[in-house]
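Student: I'll drop the sequence and a predicted model, then ask my questions.
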Amino acid sequence: PIKALLFDLDGVIVDTAIYHYQAWRRMANTLGFDISEAFNEQLKGISRTESLEIILAHGGKTVSDEQKQELAAQKNEWYLELVSQMTPANILPGVEAFFMTVKTARLKTALGSVSKNARLILERIGMLNDFDVIIDGTRITKGKPDPEVFLKGAAELNVQPAECVVFEDAVAGIEAAKRGAMLAVGIGDPAVLTRADLVVASLADLSLDEVLRLEGS
Ligand code: B16
Ligand code: MG
């Protein structure tokens with residue numbers, strides 16, 4: 001039976017992708033190039049250091065390791081300025097109602113995010129106590145699409161991977177769920193999240209019953 005639900009943060013609970021984009025863009029601009037919103041798509045679910053590498057390659061820039069650290073720190077500072085203004089109003093549509101039904105059904109919950117700022121964001125939106133387990137970027141060594149973040153969540157919840165459903169907006173995140181042998185619900189575009197077992201536009205378009213029916217599919 002399905003016993004636990006594992007949620008990605010950025011793109012599922014809140015839309016911080018826009019803040020990541022603004023901060024990375026600001027950094028790229030200081031280096032003399034620009035990044036588009038379409039380019040930003042491939043950074044979803046990818047760690048800070050990996051994202052930096054992809055952006056530098058895109059701009060054709062070679063910098064020292066020391067400079068990379070400075071750039072990543074600067075980007076994070078700009079990103080945190082935006083995060084500091086977040087409130088519970090930033091919770092994506094349908095999330096709170098969905099969580100109520102999940103709690104009523106006594107299913108276990110975990111957060112599975114590669115962000116090192118995940119706890120801070122949950123605190124800002126008032127959801128820090130809504131997860132039984134929080135696995136974030138400070139607790140993993142391999143980012144998505146490696147399944148580590150979700151396997152660790154399942155282990156700490158004391159459930160088997162086959163008893164878990166992952167909710168993800170990123171291709172890399174769906175891939176991580178599948179490599180971990182878990183069911184995956186995609187939040188976004190079915191043409192993009194092709195490996196998901198089910199894709200919906202947002203949690204507002206999904207009932208818990210539909211999720212539980214994925215069992216054995
Ligand atoms: P940070 P998720 C990911 O969050 C974001 O999608 C990705 O764009 C970001 O680079 C990554 O977190 C690292 O975030 O710089 O805050 O450590 O989708 O896994 O919740
Ligand atoms: Mg995400």
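Tutor: Okay, I see it. Ligands and ions are numbered 1, 2, ... in the order given.
Student: what about the residue in the chain positioned nearest to ligand 2, how many neighbours?
Tutor: Using Cβ to the ion, Gly11 is the residue of the chain that sits closest to ligand 2, at 3.6 Å. Quick note: C-beta positions are derived from backbone N, CA and C, even for glycine. For Gly11, the neighbour count with other Cβ atoms under 10 Å is 20.
Student: give me phi/psi at Val63?
Tutor: Phi and psi for Val63, reported as degrees, to the nearest 10, are phi -130, psi 160.
Student: The closest residue to the residue of the chain closest to ligand 2 other than its chain neighbours and ligand 1, how far apart?
Tutor: Distance criterion Cβ to Cβ, 6 or more residues apart in numbering; nearest residue to Gly11, sequence neighbours excluded, is Asp169 at 3.0 Å. Distance of Asp169 to ligand 1, given as Cβ to the nearest ligand atom, to the nearest Å: 7 Å.
Student: Now do the contacts for Asp169.
Tutor: Asp169 makes contact with Asp8, Asp10, Gly11, Val12, Lys44, Gly45, Gly186, Ile187, Gly188, Leu193 under the criterion Cβ atoms under 8 Å, 6 or more residues apart in numbering.
Student: So for it, what's the pLDDT?
Tutor: On the pLDDT scale, Asp169 is placed at 95.
Student: just for the chain, where's the confidence low?
Tutor: By pLDDT under 70, the weakly predicted segments of the chain are 216-217.
Student: Next, please give the residue ranges for the strands of it.
Tutor: Ranges of strands in the chain, per DSSP state E, are 4-7, 108-112, 133-135, 164-168, 183-187, 198-200.
Student: any chance of those in JSON lines, plus mean neighbour count?
Tutor: Shown next, in JSON lines, are the strands of the chain (neighbours: other Cβ atoms under 10 Å):
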{"stretch": "strand 4-7", "mean neighbour count": "26"}
{"stretch": "strand 108-112", "mean neighbour count": "24"}
{"stretch": "strand 133-135", "mean neighbour count": "21"}
{"stretch": "strand 164-168", "mean neighbour count": "27"}
{"stretch": "strand 183-187", "mean neighbour count": "25"}
{"stretch": "strand 198-200", "mean neighbour count": "19"}
